[in-house]
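Undergrad: when you get a sec, could you give me coordinates for this:
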Amino acid sequence: MALDQKDGIWKSGKGKGRRTPKGRQLDDAAWAEVRALLGDGPFPRDMLIEYLHLIQDRYGCLSAAHLRALAEEMRLSQAEVYEVATFYAHFDVVKEGEAPPPALTIRICESLSCEMAGAQALKQALSDGLDPAQVRVLRAPCMGRCETAPALHLGHRFIDNATMDKVQAAIAAGHTHPVIPDYQGLDAYRAEGGYATLLDLRDSGDWETVQDRVAASGLRGLGGAGFPSGKKWGFVRAAPGPRLMAVNGDEGEPGTFKDRWHLERAPHLFLEGMLIAAWAVEAERVYIYMRDEYPEIISLLRDELHALEAAGIIAPGYVDLRRGAGAYICGEESAMIESIEGKRGIPRHRPPFVAQKGIFDRPTLVHNVETLIWVTKVLREGPEVLNGVEHNGRKGLRNYSVSGRVARPGVYLLPAGSTIRDIIDAAGGMAVGHTFKAYQPGGPSSGLLPASIDDVPLDFDTLQAYGTFIGSAAVVVLSQSDSARGAALNMLEFFADESCGQCTPCRVGCEKAVTLMQADHWDENLLTDLCEVMVDASICGLGQAAPNPIKSVLTHFKDEV
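TA: Numbering: from 1, shown residues only. Reported below is the predicted structural model:
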């Protein structure tokens, strides 16, 4: 029997039905704007974050009407679009009746190196001295420019060693766009023999021989985990294809900036290593996940990938450059893969591991940027470029990101057996007027060590006896003018902000730790118990490593708490 429209949910009349379906209605004007940005379909689900960036870049925010239109165009629920948009710090979701953010946003880094360089005073000066209707001033986590602290983003432009005068001058001049560094392009790189190794391998190379060569060098993952790089290829090859590859360019550990430093100068050293690794595992496609805090790197990589396509070195679309959106957790490989798939960056439970089930559940090889730079060098110069260097009983070389109270912060290539004294000497010694007190050996996840522990090599497997690890070799040096207690609080505030919220021990534990650490006197028993729970029960490395600053202060700087 045919239903009378008046008997269904569409019937009209007060209290007797609705003229439209439940939920937010589609706005035709917003829909037309979204369609103009996205172009013709199809619109794959994994491109959601890229489409959100298009809208945010064009309109300065993500309005409710645009999110509704995007959901319509992608055939997704509004809830799916909204949960992704609100997960990432660089998206500004604006609901009906809410005012959009000002046209210009300043993000001031508040991580340890910038905090030590006066970031809080600068933030206050900017907040007091700029019109809030025109400029929004926000705190932000590490931007990967620790050597020029304090650093900030003015729109998409970095201002290093930032001051109020520099910011005002840049605003007046309209300098809010990224500045592309003077880097070595494809032609210059090929003139020095670049890509000859890759092309030779494609022509007549044996992947197992190449893997053995990399393994002989002693190369290990330089994103922090330290897994032997040569073994990864075999694990991925053992899984049936099609296989994929992902590059972790989400260099978000505070104090780390080595990847950015290299990419600004010689991106093709990295790109050739990436393509060699992709060849070794027969990757059907490669994804580069680059943090949104590096807009100039994203721009130059996009240009150089186009150059590689034009030169016939890669097929069009073989390498897919993806842009992060401000989430430290996406440095964890499975969270990065979730983000590449257009989802919230929430770590996966393992097993299965990404080598078996990674992007789109396909076997996926994951490497860090610096690791791939060394792949190129090892295959070009031989394993001895690493294993031929020995210092303090350790073999190899490390790029140390050095910041804090040293005379010349920067990236220093040193033997892997270098001690903190060696690293400080390479950086020109302590800054004038500062005496060495403590150091962070590998980012906030590694906690703090006192100056008295100055003879241990900062390398893999050498720091466990001290309750810490080298991680990404992000070295921050503290002096007598700094508080270890304050530094630890800064680190825990970072973890509390950046926890993805998936597991209670990390989400609640970080927040509780911050509260306890703000007390005049630390409750050692309660903090110790909290640390144990976080280490034992957190899903991923963020919650497991977050207690390290607390434990290190209780061990080495107990007089401060």
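Undergrad: list the contacts of the nearest residue to residue 235 once chain neighbours are set aside.
TA: In this structure, residue 235 finds its nearest non-sequential neighbour in residue 355, 4.4 Å apart by CB to CB, 6 or more residues apart in numbering. Where C-beta positions appear, they are placed from N, C-alpha and C, glycine not excepted. Contacts were defined as CB atoms under 8 Å, 6 or more residues apart in numbering; by that measure residue 355 touches 232, 235, 236, 239, 363, 364, 365.
Undergrad: let me know the closest of those to residue 500.
TA: Each of those was scored against residue 500 by CB to CB, and residue 364 proved nearest at 20.0 Å.
Undergrad: what is the burial count for residue 432?
TA: Using other CB atoms under 10 Å, the number of residues around residue 432 comes to 7.
Undergrad: these two touch, right, it and residue 407?
TA: Yes - if you go by CB atoms under 8 Å, residue 432 and residue 407 touch, sitting 7.3 Å apart.
Undergrad: so the residue nearest to residue 235 belongs to a helix, correct?
TA: No - assigned with DSSP: H, G, I helix; E, B strand; the rest coil, residue 355 falls outside any helix and is coil.
Undergrad: report the secondary structure state of residue 339.
TA: Of the three states, residue 339 takes helix according to three-state DSSP.
Undergrad: that one touches residue 50, doesn't it?
TA: No - between residue 339 and residue 50 no contact is recorded; they are 10.8 Å apart, counting by CB under 8 Å.
Undergrad: need the overlap of contacts for these two.
TA: Overlap of the contact sets of residue 339 and residue 50 (by CB under 8 Å, 6+ apart) consists of residue 322.
Undergrad: who has more neighbours, these two?
TA: Under the neighbour definition other CB under 10 Å, residue 339 and residue 50 were set side by side, and residue 339 has more, 27 against 16.
Undergrad: show me the contacts for the more buried one.
TA: Taking CB under 8 Å, 6+ apart, one finds 49, 289, 322, 324, 325, 327, 330, 345 in contact with residue 339.
Undergrad: how about the nearest residue to residue 212, chain neighbours excluded?
TA: Counting by CB to CB, 6+ apart, residue 230 is the residue found nearest to residue 212 once chain neighbours are left out, at 6.9 Å.
Undergrad: which parts of the helix or strand in which that neighbour is found are buried?
TA: Under the criterion DSSP states H and E, the helix or strand holding residue 230 is helix 229-237. Within helix 229-237, the residues scored as buried using 16 or more other CB atoms under 10 Å are 229, 230, 232, 233, 234, 235, 236, 237.
Undergrad: my read: the second one touches residue 221, true?
TA: It refers to residue 230. No - contact criterion CB under 8 Å: residue 230 and residue 221 do not qualify, at 10.7 Å.
Undergrad: hey, what's in contact with both of these two?
TA: Taking CB under 8 Å, 6+ apart as the criterion, residue 230 and residue 221 do not both touch any residue.
Undergrad: and the closest residue to residue 248 other than its chain neighbours, how many neighbours does it have?
TA: Of all residues not flanking residue 248 in the chain, residue 368 sits nearest, at 5.2 Å (CB to CB, 6+ apart). When neighbours are counted by other CB under 10 Å, residue 368 registers 25.
Undergrad: quick check: residue 368 vs residue 259, distance?
TA: Relative to residue 259, residue 368 is positioned 7 Å away (criterion: CB to CB, to the nearest Å).
Undergrad: and the residue nearest to residue 235, what pLDDT?
TA: Reading off the confidence values, residue 355 has pLDDT 94.
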